[in-house]
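# sharing a model that was predicted from the sequence below.
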Amino acid sequence: MVQSLADMDRDLQQAFRDLEEIVAEVVDLERAGAVLRWDQETYMPTGGSESRAQVLGTLARLAHARFVSDAVGELLAKLKPALEELDPESYEASLIRVTAREYEKLRKLPARLVEEQARVASVAQVVWAEAREKQDFGLFQPHLERLFALAREIADHLGYPNERYDALLDLYEPGMRTAEVEHLFTALKERLLPLVGAIGEASRAGKGAVDDTFLRQPYDEAGQWELTLRALRAMGYDFSRGRQDKSAHPFTIHFSPDDVRITTRIIPDDPLSALFSSIHEGGHALYEQGIPRALSRTHLGEGASLGVHESQSRLWENVVGRSREFWQFFLPVAREVFPAQLAGVTVEQIYRAVNRVKPSFIRTEADEVTYNLHIFLRFELERAVLNGQLEVGELPAAWDDKMESYLGIRPPDLARGVLQDIHWSMGSIGYFPTYTLGNVLSVQFYRQAVQEEPEIPQAIARGELMMLKEWLRRRIHVHGAKFEPQELVRKVTGRPLDPQPYLEYIEGKYSDLYGLKMG
Ligand code: ZN
């Protein structure tokens with residue numbers, strides 16, 4: 001085995017450099033599209049949507065065509081035999097392996113389909129926002145039907161072992177199968193549903209009650225903004241290589257490890273919304289900022305999967321941001337910014353307030369315990385539509401029914417029901433399970449971090465969040481997308497994806513908060 005291509009013949013070295021060059025161009029085109037999408041979500045006037053859709057469609061088609069060209073196929077054919085001799089963890093081997101995997105996947109998609117999907121989705125996003133505002137599903141329905149039809153077509157081109165959903169899921173979570181998701185969700189449901197029930201009963205009996213009226217008063221926008229910045233700085237988000245803006249739907253986007261942007265959303269009488277959005281997106285951003293520059297202009301220069309990405313955001317948002325230790329550090333910081341609103345509030349009080357469990361309509365505002373139920377619902381519905389068991393027109397009612405059966409509440413309107421998420425309008429079908437994978441992994445990773453560095457919780461209480469950030473960087477971020485998610489999880493924790501640490505964490509934390517005796 002040799003360490004690098006430098007030890008191999010000149011022809012191979014040249015082929016590798018040629019491959020690097022083409023991949024770099026593809027990544028540049030994708031990043032140009034990303035800048036325009038960022039602009040679309042932050043500052044673009046709504047009138048710009050049609051022309052923006054055309055530009056995005058063209059860029060997507062060019063990037064795709066360049067990537068799935070015969071030239072790339074020939075270079076990969078020349079380079080693949082070298083994989084047998086190269087260290088599999090080396091940059092060279094990883095680049096050849098991951099590029100070949102993506103190439104084989106994407107070259108199955110006709111350029112026409114890629115362009116059409118980008119164009120339809122770009123328009124659909126704008127229509128979705130309008131439909132949500134006007135509470136009119138009919139406005140959005142034809143676009144969503146088109147997007148599901150395109151998703152089916154994409155799945156058929158990609159091929160799948162059991163069902164179309166496998167092909168789409170694999171785009172977000174390489175190597176994961178629908179049946180595995182179903183199995184994991186069943187295991188989670190078995191313990192989360194009774195827990196939600198027990199917490200509901202305890203709440204009705206007055207247990208876990210907390211006076212959180214201090215949160216429901218005006219918190220001015222400038223102060224909220226300042227608070228998000230303080231949290232992000234403490235986490236180690238590098239503002240010289242990123243910036244925060246406002247958008248309707250908070251998100252993270254990167255143009256390189258040196259330009260990783262986030263957005264947040266400010267609600268005047270709910271200071272936690274912006275704060276936790278920023279911490280969440282900050283978790284995503286630390287991942288991107290932590291990926292080595294050497295991987296930057298390749299497809300190794302991103303997160304291992306959406307599930308692993310979400311593990312980073314959920315780890316910071318929930319495992320850290322909703323812990324007692326974090327509030328020991330952050331309550332005094334918050335009190336500096338909002339002295340009147342937070343006068344006399346104790347750590348225990350705010351810890352209980354930020355961990356209040358209450359079934360609610362909006363996924364992004366859901367507490368840790370009920371959050372996954374929102375995902376089960378979406379997974380089941382999109383899978384049923386994709387498999388032809390449910391019509392798009394039946395989604396609003398099916399949504400409300402499932403909401404009632406999982407959470408015991410029925411959305412009063414479409415904005416709090418089927419029209420709340422942007423994902424389907426972006427054509428991101430098969431994406432939702434990655435949120436729950438992220439929740440499960442967030443605890444599995446954190447537990448490993450604390451096992452290796454037991455002083456992390458105390459460091460958090462002192463506001464030294466860098467210890468955790470450095471661990472994540474060293475053990476996860478540094479690999480970029482070199483490894484498939486399952487392989488990475490094994491490498492970091494020595495075990496496959498495992499729901500047990502997550503369930504123990506949730507049951508332990510909330511039994512304590514609500515005075516439950518778990519059987
Ligand atoms: Zn996220």
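Arrived safely.

# find the nearest non-adjacent residue to the spatially most central residue of the chain, please.
In the chain, the centroid-proximal residue (Cα atoms, centre = their mean) is residue 310; its distance is 3.9 Å. Spatial nearest neighbour of residue 310, excluding adjacent residues (Cβ to Cβ, 6 or more residues apart in numbering): residue 438 at 2.4 Å. Quick note: C-beta positions are derived from backbone N, CA and C, even for glycine.

# list the residues that contact that neighbour.
306-314 (Cβ atoms under 8 Å, 6 or more residues apart in numbering).

# with residue 348 instead?
Each residue near residue 348 by Cβ under 8 Å, 6+ apart is listed here: residue 324.

# what's the burial count for residue 129?
18 (other Cβ atoms under 10 Å).

# gap between it and residue 149?
Distance check for residue 129 against residue 149: by Cβ to Cβ, to the nearest Å, it reads 22 Å.

# quick one on the thing from earlier: quick check: which element contains the residue nearest to residue 310?
Element membership of residue 438, judged by DSSP states H and E, is helix 433-452.

# could you do residue 253 as well?
Secondary structure from DSSP H and E places residue 253 in strand 252-256.

# just checking: what are the partner strands of that strand?
Counting by DSSP bridges, the strands paired with strand 252-256 are strand 259-264 (antiparallel).

# which residues touch the strand it pairs with?
38, 41-42, 228, 232, 237, 241-247, 249-255, 274, 277-278, 281-282, 284-285, 288-289.

# next: stretch 32-48.
Contacts to stretch 32-48, defined as Cβ under 8 Å, 6+ apart, come from residues 49, 52, 55-56, 59-60, 63, 122, 125-126, 245-249, 251, 253-255, 261, 263.

# again with stretch 167-181
101, 105, 151, 154-156, 158-163, 165-166, 305-307, 379, 383, 386, 428-431, 433-434, 437, 484-486.

# same question for stretch 391-400.
137, 141, 144-145, 148, 377, 381, 384-385, 390, 410-411, 414, 417-418.

# same question, stretch 150-157
For stretch 150-157, contacts defined as Cβ under 8 Å, 6+ apart pick out 108-110, 113, 116-117, 120, 164-168, 386, 427, 429-430.

# how about 10 Å then?
Residues outside stretch 150-157 that contact it (Cβ atoms under 10 Å, 6 or more residues apart in numbering): 105-110, 113-114, 116-117, 120-121, 163-171, 382, 385-388, 424, 427-430.

# now list the buried members of the residues you listed.
105-107, 109, 113-114, 116-117, 120-121, 163-171, 382, 385-386, 424, 427-430 (16 or more other Cβ atoms under 10 Å).

# how distant is the helix holding residue 438 from the center of its chain?
13 Å (Cα atoms, centre = their mean, to the nearest Å).

# low pLDDT regions in this structure?
In the predicted model of the chain, residues 1-3, 518-519 satisfy pLDDT under 70.

# roughly how far apart are residue 236 and residue 296?
Separation of residue 236 from residue 296 (Cβ to Cβ) stands at 19 Å.

# cool, and residue 56?
22 Å.

# tell me the secondary structure for the closest residue to residue 109 other than its chain neighbours?
Leaving aside its sequence neighbours, residue 109 sits nearest to residue 157 (Cβ to Cβ, 6+ apart; 5.3 Å). Following DSSP: H, G, I helix; E, B strand; the rest coil, residue 157 is assigned to helix.

# do you know how far residue 157 is from residue 433?
Applying Cβ to Cβ to residue 157 and residue 433 gives a distance of 21 Å.

# looking at those two, which has the bigger crowd around it?
Comparing residue 157 with residue 433 by other Cβ under 10 Å, the one with more neighbours is residue 433, at 27 against 15.

# quick check: that one touching residue 423?
No - counting by Cβ atoms under 10 Å, residue 433 stays clear of residue 423, with 11.6 Å between them.

# overlap in contacts of those two?
Shared contacts of residue 433 and residue 423, defined by Cβ under 10 Å, 6+ apart, comprise 378, 382.

# what comes up buried for the one helix or strand residue 398 maps to?
Using DSSP H and E, residue 398 sits within helix 395-407. Going by neighbour count (16+ other Cβ under 10 Å), the buried part of helix 395-407 is 395-396, 398-400, 402-403, 406-407.

# let me know the closest of those residues to residue 503.
Top of the list for closeness to residue 503, among the buried residues of helix 395-407 and by Cβ to Cβ, is residue 406 at 17.3 Å.

# domains of the chain?
5-159, 178-514 (automatic domain parsing).

# most tightly packed of the ones you listed?
Ranked by mean neighbour count, the domains of the chain are led by domain 178-514 with a mean of 19 (mean count of other Cβ atoms under 10 Å).

# contacting residues for residue 301?
With contacts defined as Cβ under 10 Å, 6+ apart, the neighbours of residue 301 are 23, 27, 254, 256-257, 288, 291-295, 480-481.

# go through these and flag which are in strands.
Residues of the contacts of residue 301 located in strands (DSSP state E): 254, 256.

# report the two of the contacts of residue 301 separated the most.
Among the contacts of residue 301, 23 and 288 lie farthest apart (Cβ to Cβ), at 18.0 Å.

# from residue 103, how far off is residue 82?
Distance check for residue 82 against residue 103: by Cβ to Cβ, it reads 16 Å.

# show me which helix runs longest in the protein.
Longest helix in the chain by number of residues, with DSSP state H as the criterion: helix 10-42.

# what's the angle between that helix and strand 252-256?
In terms of direction (axes from the mean of the first three to the mean of the last three Cα atoms, to 10 degrees), helix 10-42 departs from strand 252-256 by 140 degrees.

# and stretch 135-143, how far from the chain's centre?
For stretch 135-143, the distance to the chain centre is 26 Å (Cα atoms, centre = their mean).

# what do you get for stretch 190-204?
27 Å.

# for stretch 509-519, same thing?
The answer for stretch 509-519 is 29 Å, by Cα atoms, centre = their mean.

# export it to PDB, keeping only CA atoms.
The C-alpha trace of stretch 509-519 is given here as PDB (Å, rounded to 0.1, in the frame of the first residue of the first chain):
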ATOM      1  CA  LYS A 509     -34.000  14.300  31.300                       C
ATOM      2  CA  TYR A 510     -37.800  14.500  31.000                       C
ATOM      3  CA  SER A 511     -38.500  12.000  33.800                       C
ATOM      4  CA  ASP A 512     -36.500  14.300  36.000                       C
ATOM      5  CA  LEU A 513     -38.200  17.500  34.700                       C
ATOM      6  CA  TYR A 514     -41.700  16.100  35.100                       C
ATOM      7  CA  GLY A 515     -41.200  13.800  38.100                       C
ATOM      8  CA  LEU A 516     -42.000  10.600  36.200                       C
ATOM      9  CA  LYS A 517     -41.200   7.100  37.200                       C
ATOM     10  CA  MET A 518     -40.100   5.300  34.100                       C
ATOM     11  CA  GLY A 519     -40.900   1.600  34.200                       C
END
